Structure formats: C-alpha cells, structure tokens
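Colleague: only geometry, no sequence info:
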C-alpha cells in the first residue's frame, strides 16, 4: 500500500513497481540516483537558458561561445529555437519525474532530491555571468 504521509524507512517504491528498495544498500543507491538526476536537471536548465539567450537577438552578440557565435540567419535561429523547445520538453519531463519521485512520501527521497537540486544549482547555475537575466518560463515546480 502506498503511503500518503511522509515516513522514514528503507522500503520505498520510486516511480515504477520494479524500482523498489528492500535493503539499506539498494536504498542508498536509489537516493544517490535521485540526487544525481536532480543535479542533472539543474545542468539541463542551465544549458537551456544559455541556448535561449543565444537565440535572443539582443543578447547573442554578448555571448562569446566559440562554436555558436555566428548565428545570424533565420534558419539557424529557428534551429536554435527548435533545439530549445526540445530541451524544454526533456527538462520538463525530468522535473515532473522528480516531482513524482518525491510523491513516494519518503523523507530520504525528498531530501536527496532537494540536495541534488541544491548541489546542481551551486555547481551549474549560481556562477552565471548573466545573473541579471531572469528567464521565467518553466511551469515545473522544480525550477
């Protein structure tokens, strides 16, 4: 039976019936996986925001990425927008999967995901040179 309140314990089902933990080892590995996926979410969000800034006509010349510096034509901008849309979809899917994992109502899973989001933000997003730029278009609660 699924828990409907937060609980502590090593027995948890995360996302799928096949992802069950019944030992401290499997529980620790699952928590590490949740932490890594949450950090990866922040990495994807950072890449998506940088791609969005690159596609912006007003900001593209301010970015100095050597491989993507010369996006001038309309076709190239459309390609960047499509890539940004795909990244948004993938990032949203990962965010919602993290939310569903938290809905296992296990404190360990919750804390691992919050720690992963925190570590990922610290590593990938806190040192942005574009700190004054705010991009608010992600409806996911994990943003």
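Modeller: Happy to help now that I have it. Since the model is a prediction, treat every value here as computed from it, not as a measurement.

Colleague: burial of the closest residue to residue 11 other than its chain neighbours, as a residue count?
Modeller: In this structure, residue 11 finds its nearest non-sequential neighbour in residue 22, 5.9 Å apart by CB to CB, 6 or more residues apart in numbering. C-beta: built from backbone N, CA, C; applies to glycine. By other CB atoms under 10 Å, 10 other residues sit near residue 22.

Colleague: and the worst-scoring helix or strand of the chain on mean pLDDT, what's buried?
Modeller: Scoring the helices and strands of the chain by mean pLDDT, DSSP states H and E places helix 74-102 at the bottom, with a mean of 88. Residues 77, 80, 84, 87-88, 91-92, 94-95, 97-98, 101-102 are the ones in helix 74-102 that count as buried (16 or more other CB atoms under 10 Å).

Colleague: which one of these is nearest residue 55?
Modeller: Nearest to residue 55 out of the buried residues of helix 74-102 is residue 80 (CB to CB; 4.2 Å).

Colleague: now this protein, which segments are flagged as low pLDDT?
Modeller: 1, 56-74, 128-143 (pLDDT under 70).
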